[in-house]
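>>> Give the three-dimensional model of this entry:
(4 chains)
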Number of protein chains: 2
Amino acid sequence: MKKKEHKECTSALLPVRDTLDVIGGKWKLLILISVWEGNKHFREIERSIPKLSTKVLSKELKDMEENQLITRTVLNGFPVRTEYKPTNHSKTLEKVIFELHNWGVNHRKLIFGDKSETVDPIRV
Amino acid sequence: MKKKEHKECTSALLPVRDTLDVIGGKWKLLILISVWEGNKHFREIERSIPKLSTKVLSKELKDMEENQLITRTVLNGFPVRTEYKPTNHSKTLEKVIFELHNWGVNHRKLIFGDKSETVDPIRV
DNA sequence: GTAATCAGTTACCTAAAGGTGATCAGTTAC
DNA sequence: GTAACTGATCACCTTTAGGTAACTGATTAC
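Okay, the predicted model is just below:
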């Protein structure tokens, strides 16, 4: 796990921070979902997410491998291919994401009073 | 709600982003918990959280008021006092935080293999 | 008048996250 | 040989979150 300092953290909040580190940031969830959807190769994942740069994807994939959300296998072939696959551990995030989604939908209703466009149900 | 752009967002992820915006950042959860614990006044909250500066607290309290997590009442008195109180809406975050905590604890076990120090159960 | 308390605001600075574009090594097809 | 594909890495720049310290205005106690 990427050890961030979180010096301000009480012991009870540490695991919450850990989780937020794992799924926070601009791209992590999009990448995770792309891999869940079956995209396996670097370019494949990259192309599935508009505006995502190779540099950021490369860094995020490393983080996610460290966090055991994905596995990385290099296939010895002719144009060298790398295969990224989601782990079972990554799937345990579904419940967390569901709760985040659920609360967000409710929050939108409260703040925008239904004036907001409907959002799609999350499918992960 | 503070409208961030999230241009990269699919419709399904938008509410997830909203939630992460509301509880993300270095201080938001600590401030929320402090208010939940009964701290009502600006200086009281500030003093309850080491290293938190007035500038950041001021900004975060505004955000939280916008997001209807707290109410702000100015009491006309002699040393002017402001009263911050948690809303019922803020309490609906407990479940979300519980799931984040839960996943985080499990993740720590997996990554550090129980070598990590025990963390306190969250009490919010 | 002086100090101290309340609840903030302001200007400036630093550090981290993320974006941009070039480059690389290996291999294949032409 | 040249272009194109694979999976990246590198140096540099911008943007944003957060930190630091001074300051304001109102009021009370001395």
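
>>> now A:His101: how far from A:Glu66?
25 Å (Cβ to Cβ, to the nearest Å). In this view, the C-beta of every residue, glycine as well, is placed from N, C-alpha and C.

>>> Tell me which of those two has more neighbours.
When A:His101 and A:Glu66 are compared for neighbours, A:His101 comes out ahead with 23 against 13, by other Cβ atoms under 10 Å in any protein chain shown.

>>> Now do the contacts for the residue nearest to that one when sequence neighbours are not counted.
Once flanking residues are discounted, A:His101 sits nearest to A:Ile122: 4.6 Å by Cβ to Cβ, 6 or more residues apart in numbering or on different chains. Counting by Cβ atoms under 8 Å, 6 or more residues apart in numbering or on different chains, A:Ile122 touches A:Ile97, A:Phe98, A:His101, B:Ala12, B:Leu13, B:Pro15, B:Val16.

>>> Assign the residue nearest the centre of chain A to helix, strand or coil.
Residue closest to the mean C-alpha point of chain A, counted by Cα atoms, centre = their mean, is A:Leu29 at 2.5 Å. Here A:Leu29 is helix, with the state taken from DSSP: H, G, I helix; E, B strand; the rest coil.

>>> Tell me if I'm right that it and A:Ile97 touch.
Yes. Counting by Cβ atoms under 8 Å, A:Leu29 does reach A:Ile97; the two are 7.2 Å apart.

>>> Which residue ranges of chain A form strands?
A:70-75, A:81-86 (DSSP state E).

>>> Deepest-packed of those, please.
Greatest average neighbour count among those goes to strand A:81-86 (a mean of 16), per mean count of other Cβ atoms under 10 Å in any protein chain shown.

>>> if we look at that strand, which residues are touching it?
Residues outside strand A:81-86 that contact it (Cβ under 8 Å, 6+ apart): A:32, A:35-36, A:39-42, A:45, A:61, A:69-75.

>>> from the residues you listed, which is closest to chain B?
A:Leu69 (9.6 Å; Cβ to the nearest Cβ).

>>> That closest one: how many residues sit nearby?
25.

>>> So it is in contact with A:Ser90, correct?
Yes. Using Cβ under 8 Å, A:Leu69 is in contact with A:Ser90, at 4.1 Å.
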